[in-house]
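Chemist: Sequence first, predicted coordinates after that:
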Amino acid sequence: MAMTRTEKIILNAVSAILLVAVLYFLGREFSRNWEHIKYFRFQFDVLMLGAASIVYAGSYVCFAIGWFLILRYLHCGVPFYETLLYFIITQPAKYVPGKIWTGVARMKFCKPHGIPNSLTLLSTGTESILEIFAGVYVSIIALLQTNAFRHISWPVVIILSTIGVIVLYPRVFYFLVNLYFRIVKRPPITQDKRVSFIKLLTLQIIYIIAVVGIGFSSFLFLQSFAPVSYSYAPLLIGVGALSYWVGIVALFTPNGFGVREGVWYMGLKTVVAPHIAIVYAFVSRIWLIVAESVLLFIALPLLWALRRKQKHSSVDNVISGV
């Protein structure tokens, strides 16, 4: 169902108000801590920074595995190597306002494989749902490992794990997915496009591993210029997972810009001085953009080389056939 003009105006107005509110909050905190920020000395531990970037790249690989399996479960065959390259190359689209541009960018690469645009969007939407679920699980479970909640940790983990299993039961899962698709104005998933509980469980485990990697890479990045005790690792991995999935559901901002930084600032200032927390919130965004750009500039020539090889192989097959 398409949105009416009035609905679009209201949605855009609300989105703009929320974005301005988030940026105002961050700007105010930045201004309050400016005296400390301007004297902050950046001295990066190169090895720790490299480790953080490698872990972040590893999370990308896990996310690509998840998308590859979703496509396979939808009977859309794309070799994994190409799926990985497509995944990396289309990620910058998430910085374009709106939550559909990653799926739209993937259409260009999936169409030559005979994959209809509707299935490409469906795979991307399913991916987002599984990322959100994984982010919720990881953020809650990680935060439960902190001293404040350790006395209730295991009972809550067991309850949360049980709920997680129930949510993956196809009838429940697709009810929630279709509810989300209705909100973002996408067609529902029909019965013939649904997969089994085991396949959903496999996907969820992969996305949980990927989100843990996102949180851990963020913790390592903090260690590279403002080291804290490793006892804070569960808390900060949880904050990293929380900032990730909240950024996905924040429909009013591209790639969670502002929202992610706000979550990190609020979570991190309980561990370090406020000026370090606000510095980290913004510098970590720059790090993510640089890391994703490096991956992009690695993936593009690899894809060009693959296309050239496939073209030469096709010509050789034609010649041999003659």
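Modeler: That came in fine, so what should we check first? Residues are numbered from 1 along each chain as shown.

Chemist: what's the spacing between whatever helix or strand residue 104 lives in and its chain's center?
Modeler: In this assignment (DSSP states H and E), residue 104 forms part of helix 101-110. Mean-position distance between helix 101-110 and its chain equals 16 Å (CA atoms, centre = their mean, to the nearest Å).

Chemist: Show me the shaky parts of the chain.
Modeler: Residues of the chain meeting the criterion pLDDT under 70: 1-25, 98-99, 147-152, 184, 251-252, 254-256, 314-322.

Chemist: Strands along that one, start to end?
Modeler: For the chain, no strands are identified by DSSP state E.

Chemist: how far away is the residue positioned nearest the centre of it from residue 187?
Modeler: Nearest to the mean C-alpha position of the chain, by CA atoms, centre = their mean, lies residue 244 at 5.8 Å. Taking CB to CB, to the nearest Å as the measure, residue 244 falls 26 Å from residue 187. For glycine as for every other residue, the C-beta is placed from the backbone atoms N, C-alpha and C.

Chemist: before we move on, what about residue 231?
Modeler: Distance from residue 231 to residue 187, by CB to CB: 47 Å.

Chemist: In terms of neighbours, single out the busier of those two.
Modeler: Legend: neighbour count by other CB atoms under 10 Å for residue 231 and residue 187, higher for residue 187 (13 against 10).

Chemist: and residue 272, backbone torsions?
Modeler: The phi and psi values for residue 272, taken as degrees, to the nearest 10, are phi -120, psi 170.

Chemist: Pretty sure it sits against residue 229.
Modeler: No: in this structure, residue 272 is not within contact of residue 229 by CB atoms under 8 Å, at 10.5 Å.

Chemist: which one of these two has more residues nearby?
Modeler: Comparing residue 272 with residue 229 by other CB under 10 Å, the one with more neighbours is residue 272, at 16 against 7.

Chemist: Please name the residues that touch the more buried one.
Modeler: 226, 228, 280 (CB atoms under 8 Å, 6 or more residues apart in numbering).

Chemist: of all these, which comes closest to residue 93?
Modeler: residue 280 (25.9 Å; CB to CB).

Chemist: what about the closest one, how many residues close to it?
Modeler: 23.

Chemist: and what of residue 196?
Modeler: Residue 196 has 11 nearby residues by other CB under 10 Å.

Chemist: still on that earlier bit, if I look at the residue nearest to the centre of the chain, how far off is residue 49?
Modeler: 20 Å.

Chemist: Report the distance from stretch 117-129 to the chain centre.
Modeler: Distance, centroid of stretch 117-129 to centroid of chain: 14 Å (CA atoms, centre = their mean).

Chemist: scratch that, stretch 269-289
Modeler: 19 Å.

Chemist: tell me which residues in it are buried?
Modeler: 269, 271-272, 274-281, 283-285, 287-288 (16 or more other CB atoms under 10 Å).

Chemist: swap in stretch 75-83?
Modeler: For stretch 75-83, burial by neighbour count (16+ other CB under 10 Å) applies to 76, 78, 82-83.

Chemist: Cross these against helices and list the overlap.
Modeler: Counted as lying in helices by DSSP state H, out of the buried residues of stretch 75-83, are 82-83.

Chemist: now, which of the buried residues of stretch 75-83 sits nearest residue 129?
Modeler: residue 76 (17.7 Å).

Chemist: who's in contact with the residue lying closest to that closest one once chain neighbours are set aside?
Modeler: Excluding the flanking residues, the one nearest residue 76 by CB to CB, 6 or more residues apart in numbering is residue 115, at 4.5 Å. Residue 115 sits next to 71, 76, 78 when contact means CB under 8 Å, 6+ apart.

Chemist: go on, residue 40?
Modeler: 275-276, 279.

Chemist: Please render the residues you listed as JSON lines that adds distance to residue 165 to the earlier fields.
Modeler: Below are the contacts of residue 40 laid out as JSON lines (distance: CB to CB, whole Å):
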{"residue": "275", "distance to residue 165": "43"}
{"residue": "276", "distance to residue 165": "39"}
{"residue": "279", "distance to residue 165": "40"}
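
Chemist: From the residues you listed, which land in helices?
Modeler: Taking DSSP H, the ones among the contacts of residue 40 that sit in helices are 275-276, 279.
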